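Participant: Okay, here's the prediction I keep looking at, along with the sequence it came from:
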Amino acid sequence: MTTETMRGTVAARSTAGIGWTRIRPLVIHLALAAAALVMLYPVIWMVVSSLRPGNEIFREPSILVRDLHIENYRVGWNALTEPFTRYLLNSAAVVFGSVLGNLVSCSMAAYAFARLEFTGKKLWFAIMLLSIMLPIHVVIVPQYILFSQAGWINTFLPLVVPKLLATDAFFVFLMVQFIRGIPRELDEAARIDGCGRGGIFLRVILPLMVPALATTTIFTFIWTWNDFFSQLIYLTDPKMYTVPVALRAFVDATAESSWGSMFAMSVVSLLPIFLAFLLGQRFLIKGIATTGIK
């Protein structure tokens, strides 16, 4: 092989390599866009179906809308025994109580596990971690009996009061990991300035826990807003229905279901979750990332 031929071969390979380097990002982005479209298709189809007449929803699998049928939103808002506003307010009340309860109780429990020394600390921490693997279906029956004897059925208390007792072990563990990453020298400096355990928690630890608290807030908001099983168990009065239970009422097993109205109200119920994630995404990522750095 001559020198000129070798140079030509090397030049051709270099040109091909440069060409693939330029095309590769485009191919990757096209693949990611296709995957995103596949994942978003159910949501897009639901939004489109909320703008179609009921007799066309399951006939047309495409996501193209010929005529906008916004009547589904007006009908769906007043289709049940109460206006849909009532169910949104009920869900908001449960979410607010759950978020507040988790922020207060889980942060205090996490501070105790991360900073305080007490008898059986490792044992109780292990039991707390084991409770994460305990499915809700195991404890729902004894809880229902307990709350029924207390007269709490058809109230929001069974959904909110447990949050005040740090029952969400996942958030306790999340905050414990975050607090362990805070230097203990800050505690010592606050103690020299005259702060006790409560003062250190309120004035030093809590202000530094904003990312973990924001993560807890977002996750609690999303999980509580979407919770169907426990709310269906404890809330049987239509006036006390939350959004997930109210959406179930649109589907009637013995008569014709109002699919258009249900999809319309489903779109409405997704808006708070979308806004919560959109506004808190920065804190969510930061909170999850920092809890794993030690």
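Facilitator: Yep, that arrived.
Participant: what's near enough to touch residue 258?
Facilitator: Residues in contact with residue 258 (C-beta atoms under 8 Å, 6 or more residues apart in numbering) are 54, 75-76, 79, 250, 252. From N, CA and C alone the C-beta is placed, and that goes for glycine too.
Participant: In the protein, where is pLDDT below threshold?
Facilitator: Per-residue confidence for the chain (pLDDT under 70) gives these ranges: 1-20, 252-257, 284-294.
Participant: check contacts around residue 208.
Facilitator: Taking C-beta under 8 Å, 6+ apart, we find residue 208 in contact with 182, 186.
Participant: do the one 10 residues further on as well
Facilitator: Applying C-beta under 8 Å, 6+ apart, we find residue 218 in contact with 276-277, 280, 283-284.
Participant: In helices, which of those residues appear?
Facilitator: Under the assignment DSSP state H, those contribute 276-277, 280, 283-284 to helices.
Participant: for stretch 196-212, which positions count as buried?
Facilitator: Buried positions in stretch 196-212, judged by neighbour count with 16 or more other C-beta atoms under 10 Å: 200-201, 204-206, 209, 211-212.
Participant: what sits up against stretch 143-161?
Facilitator: Applying C-beta under 8 Å, 6+ apart, the external contacts of stretch 143-161 come out as 90, 93-94, 97-98, 101, 162, 224, 227, 230-231, 233-237, 240.
Participant: export the contacts of residue 218 to a markdown table and tack on distance to residue 180?
Facilitator: Formatted as a markdown table, the contacts of residue 218 follow (distance: C-beta to C-beta, whole Å):
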| residue | distance to residue 180 |
| --- | --- |
| 276 | 27 |
| 277 | 27 |
| 280 | 23 |
| 283 | 19 |
| 284 | 20 |
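Participant: Of these - the most surrounded one?
Facilitator: Among the contacts of residue 218, residue 284 has the most neighbours (other C-beta atoms under 10 Å), with 20 neighbours.
Participant: domain parsing for this protein?
Facilitator: Domain assignment for the chain by automatic domain parsing gives 16-73, 77-290.
Participant: Mind jotting down where the helices sit in the stretch 101-250 of the chain?
Facilitator: Using DSSP state H, counting those that start in this stretch, the helices found in the stretch 101-250 of the chain span residues 121-130, 136-149, 157-160, 169-180, 184-192, 197-200, 206-208, 210-226, 229-234, 243-248.
Participant: on that earlier part again, quickly compare the domains of the chain and say which is most buried.
Facilitator: The highest average neighbour count among the domains of the chain, using mean count of other C-beta atoms under 10 Å, belongs to domain 77-290 at a mean of 16.
Participant: how distant is that domain from the center of its chain?
Facilitator: From the chain centre to the centre of domain 77-290 is a distance of 9 Å (C-alpha atoms, centre = their mean, to the nearest Å).
Participant: Looking at the helices of the stretch 101-250 of the chain, which is nearest to residue 84?
Facilitator: Closest to residue 84 of these is helix 243-248 (C-beta to C-beta; 6.9 Å).
Participant: about what we covered before: export the helices of the stretch 101-250 of the chain to CSV and tack on distance to residue 38?
Facilitator: Formatted as CSV, these follow (distance: least, C-beta to C-beta, whole Å):
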stretch, distance to residue 38
helix 121-130, 36
helix 136-149, 31
helix 157-160, 35
helix 169-180, 29
helix 184-192, 47
helix 197-200, 50
helix 206-208, 41
helix 210-226, 22
helix 229-234, 28
helix 243-248, 25
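Participant: Can you check which of these gets nearest to residue 29?
Facilitator: Among the helices of the stretch 101-250 of the chain, helix 210-226 comes nearest to residue 29, with 27.8 Å by C-beta to C-beta.
Participant: Let me know the angle separating the closest one from helix 169-180.
Facilitator: Helix 210-226 runs at 170 degrees relative to helix 169-180, counting by axes from the mean of the first three to the mean of the last three C-alpha atoms, to 10 degrees.
Participant: which residue sits closest to the residue nearest the centre of the chain, ignoring its sequence neighbours?
Facilitator: Nearest residue to the geometric centre of the chain (C-alpha atoms, centre = their mean): residue 222, 3.2 Å. Sequence neighbours aside, residue 273 is the residue nearest to residue 222 in space, at 5.6 Å (criterion: C-beta to C-beta, 6 or more residues apart in numbering).
Participant: Let me see the contact set for the one you found.
Facilitator: 221-222, 225-226.
Participant: Next: residue 132.
Facilitator: So residue 132 contacts 169-170, 173 (C-beta under 8 Å, 6+ apart).
Participant: Out of the helices of the stretch 101-250 of the chain, the one nearest residue 47 is which?
Facilitator: In terms of C-beta to C-beta, the element of the helices of the stretch 101-250 of the chain nearest to residue 47 is helix 243-248, at 15.1 Å.
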